[in-house]
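Chemist: sharing a model prediction with you, sequence too.
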Amino acid sequence: MLGSPSIVGASLRDSRRLNDRHQGEDAIGAATGLVINEWAQVTKADDQPIAGLYACGNEANSIMGGVYPGPGITIGPAIAFAHRAVRHALGDTDVRRAA
């Protein structure tokens, strides 16, 4: 799919149109989910975190801003936010080491 000649050179703003065309409505994946903060804590409508509740991967809102450009897009952010969630849950929130 991503190697398709019709996609090569497309801009980011074209990704939603291209995704719809190449995957159709039966595509598996989500681009929206629970809203989280920088420590993967699920937040309420007032942006305050819900103590002890974390989300990452397909459960969290996509860092791609509501666009699902293709399979695997949630893997990297899932790993990064899972790491941050565990660090936060353990009380290790030193931002100098929080990469």
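Modeler: Good, I have the coordinates.
Chemist: distance check, residue 83 against residue 77.
Modeler: Separation of residue 83 from residue 77 (C-beta to C-beta, to the nearest Å) stands at 11 Å. All C-beta spots, glycine's among them, are computed from the backbone N, C-alpha and C.
Chemist: helices of the chain, start to end?
Modeler: 15-23, 75-89 (DSSP state H).
Chemist: least confident of those, on average?
Modeler: Of all the helices of the chain, mean pLDDT reaches its minimum on helix 15-23 (a mean of 46).
Chemist: re the thing from before, need the residues touching each of residue 83 and residue 77.
Modeler: By C-beta atoms under 8 Å, 6 or more residues apart in numbering, residue 83 and residue 77 have no common neighbours.
Chemist: mind listing the residues bridging to residue 54?
Modeler: Residue 54 has the following beta-bridge partners by DSSP bridges: residue 41.
Chemist: for residue 70, see how far away it is.
Modeler: Residue 54 is 25 Å from residue 70, by C-beta to C-beta.
Chemist: what is the neighbour count of residue 45?
Modeler: 6 (other C-beta atoms under 10 Å).
Chemist: what's the pLDDT at it?
Modeler: 92.
Chemist: with just CA atoms, put stretch 83-99 into PDB.
Modeler: C-alpha atoms of stretch 83-99 as PDB (Å, rounded to 0.1, in the frame of the first residue of the first chain):
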ATOM      1  CA  HIS A  83       7.500   3.600  28.800                       C
ATOM      2  CA  ARG A  84       6.400   7.000  30.100                       C
ATOM      3  CA  ALA A  85       3.300   5.600  31.800                       C
ATOM      4  CA  VAL A  86       5.300   3.000  33.700                       C
ATOM      5  CA  ARG A  87       7.900   5.700  34.700                       C
ATOM      6  CA  HIS A  88       5.100   8.000  35.900                       C
ATOM      7  CA  ALA A  89       3.300   5.100  37.800                       C
ATOM      8  CA  LEU A  90       6.600   4.400  39.600                       C
ATOM      9  CA  GLY A  91       7.000   8.100  40.500                       C
ATOM     10  CA  ASP A  92      10.000   8.700  38.200                       C
ATOM     11  CA  THR A  93       9.000  11.900  36.400                       C
ATOM     12  CA  ASP A  94      12.400  13.500  36.000                       C
ATOM     13  CA  VAL A  95      11.900  15.100  32.600                       C
ATOM     14  CA  ARG A  96      15.700  15.200  31.900                       C
ATOM     15  CA  ARG A  97      15.500  11.400  31.600                       C
ATOM     16  CA  ALA A  98      11.900  10.900  30.500                       C
ATOM     17  CA  ALA A  99      12.700  10.400  26.800                       C
END
